[in-house]
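Q: Fold the following.
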Amino acid sequence: MKKNVFLKRAAVFILSAGMLLSFSACVDQHQNAASAEGTSAGGSPKLIATSHATMMICDRLGLDLIAIPTTGGEIPERYEGLPEIGTAMSPDAEAIALLDPDDVIGPDTLAETIEPTYEAAGVPYTFIDLQSVEGMYDSIEMLGEKYGAEEAAAELTAEYEATMERFRSSAEGKETPRVLMLMGLPGSYIECTPNSYAGSLIELAGAENVVQVDTIENFVAWNTEELLDLDPDVILLTAHGLPDQAMEMFAEEFATNDIWKHFRAVQENQVYQLDYQLFGMSCTFEWPDALEVLREILYDNTYEAYDAEEAYIESDS
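A: Numbering: from 1, shown residues only. Model (predicted):
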């Protein structure tokens, strides 16, 4: 890729940081002192979940909430009708403070942006690790211990271990592919490292993520010559933020940028479009479905390959 094109990608990457909020978020669950104190005296903890993923974790742990995020996703029956405190990326700290919670639970991918707001509002918080399946279950164990839901947490962990055992058995003895995962943004794309949730699924599936870094970066923006040198066996396409536009970008990129024709994965028809709801920014309880998709792609060859030319024609019509 010529230098000016690379700079354009870098510029779009930087502008998109506001949408993604944090490309190198913290990897440990962390909380402030107020949250660490725990439950209000003489009653159940007054908890708020700020994202759909954290709300679903609280539900599976049997924890009551006093408020929930504004979300287009499913709301568990136990939480229907509760006050909403804004989206995961823009929670209303003032409204949260007025509810006087004991703890506000959210994903640590948003900590860098939101933590200062919580501190200023005097809100107690816990950010949990949803950047990998293992991180999510570590977080579940921590919350179970903190709020007396150890039995529910243990049951969830047992489900996780059983699912992984079945998956490993199904992939045993099969060749380990080398995989490049691209996450589309409107107008550009970035590469998923093993520190991102989507990128971590590659190694969870027993394959090799070709984008390796010595830092905690979740994503990088390498030029296509560098990616060509990595020689992936498989290329996976997912999206974040305005996914329809992101996928139109991929269609144009793969159909019109000649350098992709030099990738062995493209030549061998080993490019696949993923469901961005399964391969997104945060781990959810749908991770076994994502793992099943990877099994079909990486080991069974039963998943439909991506046709960039057809997608480009459809997007242009």
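Q: can we go C-alpha only for contacts and neighbour counts from here?
A: OK.
Q: Roughly how far does the residue lying closest to residue 302 once chain neighbours are set aside sit from residue 305?
A: In this structure, residue 302 finds its nearest non-sequential neighbour in residue 296, 5.3 Å apart by Cα to Cα, 6 or more residues apart in numbering. For residue 296, the distance to residue 305 equals 11 Å [Cα to Cα, to the nearest Å].
Q: Next: residue 264.
A: As judged by Cα to Cα, residue 264 and residue 305 stand 14 Å apart.
Q: same thing with residue 146?
A: 45 Å.
Q: Strands of the protein, residue ranges please.
A: Counting by DSSP state E, the chain has strands at residues 30-31, 47-49, 103-107, 125-128, 178-185, 188-192, 208-209, 219-220, 234-239, 271-273.
Q: Neighbouring strands - and their directions - for the fifth one?
A: When you say that, I think you mean strand 178-185. When pairing is defined by DSSP bridges, strand 178-185 lines up against strand 188-192 (antiparallel), strand 208-209 (parallel), strand 234-239 (parallel).
Q: can you list the residues that contact the last one?
A: Where contact means Cα atoms under 8 Å, 6 or more residues apart in numbering, the residues beyond strand 234-239 that reach it are 177-185, 246-247, 250, 265-266, 270-276, 279-280, 298.
Q: again, 7 Å this time
A: With contact meaning Cα atoms under 7 Å, 6 or more residues apart in numbering, strand 234-239 is reached by 178-185, 246, 265, 270-276, 279.
Q: Out of those, which end up buried?
A: Buried members of the contacts of strand 234-239, scored by 16 or more other Cα atoms under 10 Å, are 178-185, 246, 265, 270-274, 276, 279.
Q: For the stretch 1-150 of the chain, give me the ranges with low pLDDT.
A: With pLDDT under 70 as the threshold, the stretch 1-150 of the chain has low-confidence stretches at 1-30, 33-42.
Q: what about 50?
A: The stretch 1-150 of the chain contains residues with pLDDT under 50 at 1-8, 10-28.
Q: What ranges does it have for its helices?
A: Assigned by DSSP state H, counting those that start in this stretch, the stretch 1-150 of the chain shows helices spanning 3-20, 33-36, 52-60, 93-98, 111-121, 133-146, 150-171.
Q: now, of the ones you listed, which is deepest in the fold?
A: Mean neighbour count (mean count of other Cα atoms under 10 Å) peaks for helix 52-60 among those, with a mean of 21.
Q: residues contacting the residue most central in space within the chain?
A: For the chain, residue 281 is the residue whose C-alpha lies nearest the centre (Cα atoms, centre = their mean; 2.1 Å). Going by Cα under 7 Å, 6+ apart, residue 281 touches 197-198.
Q: Quick check: the gap between it and residue 76.
A: 21 Å.
Q: what's the answer for residue 152, then?
A: 16 Å.
Q: Please apply the same query to residue 56.
A: 8 Å.
Q: before we move on, what about residue 252?
A: The gap separating residue 252 from residue 76 is 39 Å, by Cα to Cα.
Q: Settle it for me: which of these two has more neighbours?
A: In this view residue 252 and residue 76 are compared by other Cα atoms under 10 Å, and residue 252 has more residues nearby, 17 against 11.
Q: count of neighbours near the spatially closest residue to the more buried one that is not a sequence neighbour?
A: Ranked by Cα to Cα, 6+ apart and with sequence neighbours excluded, the top spatial neighbour of residue 252 is residue 312, at 5.6 Å. Residues lying near residue 312 (other Cα under 10 Å) number 20.
Q: same deal with residue 267?
A: Neighbour count of residue 267, defined by other Cα under 10 Å: 11.
Q: Surely it is in contact with residue 259?
A: No: Residue 267 is beyond contact range of residue 259, at 11.4 Å (criterion: Cα atoms under 7 Å).
Q: Tell me the residues that contact both of the two, please.
A: Counting by Cα under 7 Å, 6+ apart, nothing touches both residue 267 and residue 259.
Q: State the distance from residue 248 to residue 272.
A: Taken as Cα to Cα, the span from residue 248 to residue 272 is 14 Å.
Q: so who does the nearest residue to residue 306 once chain neighbours are set aside touch?
A: Nearest non-adjacent residue to residue 306, counting by Cα to Cα, 6+ apart: residue 272, 4.7 Å away. Residues in contact with residue 272 (Cα under 7 Å, 6+ apart) are 235-237, 305-306.
Q: how is this protein carved up into domains?
A: 30-167, 176-316 (automatic domain parsing).
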